[in-house]
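*Asks:* Pasted the sequence and its predicted model underneath.
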Amino acid sequence: MNEENFQALVARVDTIESELKLNTEATARVESNTADIVEAFQAAAGAFKALNWIGKAVRPVGYIAAAVSGIVAAWSTVKGVWK
């Protein structure tokens, strides 16, 4: 390897280092710009977990309400209350 090739390699390494620095800065900017979006998605995920839990708790109440309304409908049909 002669001096000319060595200097060419040094220049390439310097170029790569400067481009890497620019890329790292751009990545840091993107991270800071999207931090709010990530936080919103995490909050939404927590909300969906809470809604899922509420849905599991409310489901038996819906079954009971459906059963009661079915019984009332059957009773009113048999007795003719709604004439």
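*Replies:* Okay, I see it.
*Asks:* name the element the residue nearest the centre of the chain belongs to?
*Replies:* Note on the chain: the residue nearest the mean C-alpha position is residue 41, at 4.1 Å, using Cα atoms, centre = their mean. Element membership of residue 41, judged by DSSP states H and E, is helix 3-79.
*Asks:* give me the low-pLDDT residue ranges for this structure?
*Replies:* Counting by pLDDT under 70, the low-confidence segments of the chain come to 81-83.
*Asks:* switch to 90 and redo it
*Replies:* Counting by pLDDT under 90, the chain has low-confidence residues at 1, 32-33, 35-36, 38, 53, 55-57, 73-83.
*Asks:* Contacts for stretch 56-68, please.
*Replies:* Outside stretch 56-68, not one residue touches it by Cβ atoms under 8 Å, 6 or more residues apart in numbering. Backbone N, C-alpha and C define where each C-beta goes, glycine included.
*Asks:* from the middle of its chain, how far away would it be?
*Replies:* Once both centres are worked out by Cα atoms, centre = their mean, to the nearest Å, stretch 56-68 turns out to sit 29 Å from its chain's centre.
*Asks:* ditto for stretch 2-20
*Replies:* 44 Å.
*Asks:* Now do the same contact list for residue 70.
*Replies:* With contacts defined as Cβ under 8 Å, 6+ apart, residue 70 is in contact with no residue.
*Asks:* ok, it to residue 59 distance?
*Replies:* When distance is defined by Cβ to Cβ, to the nearest Å, residue 70 is 17 Å away from residue 59.
*Asks:* try residue 25
*Replies:* With Cβ to Cβ as the criterion, residue 25 and residue 59 are 51 Å apart.
*Asks:* Please apply the same query to residue 46.
*Replies:* Counting by Cβ to Cβ, the gap from residue 46 to residue 59 is 21 Å.
*Asks:* List the contacts of residue 1.
*Replies:* With contacts taken as Cβ under 8 Å, 6+ apart, residue 1 has no neighbouring residues.
*Asks:* Repeat that for residue 12.
*Replies:* Residue 12 sits in contact with no residue, where contact means Cβ under 8 Å, 6+ apart.
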